Every structure is written in structure tokens, then in C-alpha cells.
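Colleague: give me coordinates for this.
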Amino acid sequence: MTAVIVESGDATADAVRELVHSCSPTALQRRFFLPAPMDADTVWARYGHYLLAGPPLGAAVLATADRRPIGLLNLIAVGFQTVELSLLVADAWQRQRVATRLLDAELVKPRWAGWIVQALVQPDNGPVRSLLRGTRFGTWRLVDRDPSTWEFALALEPERALAAAS
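Modeller: Okay, here's the model as predicted:
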């Protein structure tokens, strides 16, 4: 089995572009809540800057296997001590705990203690809802929902963050 490595440094443009190109148009549609599938070049041109957003306003954390990008976690500051979480995992690596490893590696960092993490999820996206239920950082609350989007929030309490890190 190939080892998955989560890199704590900022994701590079080349690596993230390669990841976007390893995702199907349908996966990109779901990730960006697009009305129809879109090709990777168009997605990169439209959303590349968002996928690369890093400190001080957030984090872009890459997972690799055999030095190839297979997953990306974005945390983007959207308010005072509030970040929006988004994930992108290459089609071939979905349902192999890549997203869980990304969350586990980043959310234990002291930087996020006391922050609120928000996640927008399509109601029919069972894998992401299962991911949120299975995190070790606490319980995600459903804070808003409409027919196309459910919004979840998780408070990263300092005590729980310290416990998760150990």
C-alpha cells in the first residue's frame, strides 16, 4: 500500500493544478457546487486562487502519495476566528481516509484552538456527512439548511484540541 503523506506547508500552484486535473468533472462540480460538470482547466482558472489561499487568512494543506498530490484541505477565514472548510480528493483516492488524515493533521494545530469551522455540504453528499460525523474534534452542529446546501459548524474548543493532539 502506498503511504499517504500530509504536508503541513503551503500547497504549491503546480501541485494543486495537478490535483484538479486528477479529478473528474463530476467531482469538481460537487466540490464547487456548480450547476453542471466543468473541465479542470476552467475550474483551475476560476478557482485556483481560492485553492491556494494560505496564511495568514487560512491554510491550504496537501496530501500526497508517491510525491503526487491526492488531496487538498482548505481552511479560509470568513470571520473573526471562523474558517470555512473545503476538501478536494482525487477520484482514485476517494473513500480511503485521505480527507480524514488532512483534517486530523491540520485541526490539531494550536493555531485553530478556539476557532469555529464551517462546512457547506450538499444534502445528498453522504460521504462528506459521514466524514463530519466521524471526526475526533467534537460534534458538528447543523446550523442552517435549504434544499441545496446544509451548513455545519464545529467549535474547536481549546481543551478538546489539546486532547485530540495527544
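
Colleague: now do the helices in the protein.
Modeller: Listed in chain order, the helices of the chain (DSSP state H) span 13-21, 25-32, 40-51, 98-107, 126-133, 158-165.

Colleague: redo those helices as a markdown table? Include distance to residue 147 and mean pLDDT.
Modeller: All C-beta spots, glycine's among them, are computed from the backbone N, C-alpha and C. Output for the helices of the chain, formatted as a markdown table (distance: least, C-beta to C-beta, whole Å; pLDDT from 0 to 100):
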| stretch | distance to residue 147 | mean pLDDT |
| --- | --- | --- |
| helix 13-21 | 28 | 96 |
| helix 25-32 | 16 | 92 |
| helix 40-51 | 24 | 93 |
| helix 98-107 | 25 | 92 |
| helix 126-133 | 16 | 89 |
| helix 158-165 | 32 | 58 |
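
Colleague: quick one: which of these is nearest residue 68?
Modeller: Residue 68 lies closest, by C-beta to C-beta, to one member of the helices of the chain: helix 13-21, at 7.1 Å.

Colleague: summarise which helices and strands the closest one is packed against.
Modeller: Counting contacts by 3 or more C-beta pairs under 8 Å, 6 or more residues apart in numbering; DSSP states H and E, helix 13-21 packs against helix 40-51, strand 58-65, strand 68-79.

Colleague: okay, the ones you listed in a markdown table with mean neighbour count and distance to residue 93 next?
Modeller: Shown next, in a markdown table, are the helices and strands packed on helix 13-21 (neighbours: other C-beta atoms under 10 Å; distance: least, C-beta to C-beta, whole Å):
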| stretch | mean neighbour count | distance to residue 93 |
| --- | --- | --- |
| helix 40-51 | 15 | 16 |
| strand 58-65 | 22 | 7 |
| strand 68-79 | 20 | 4 |
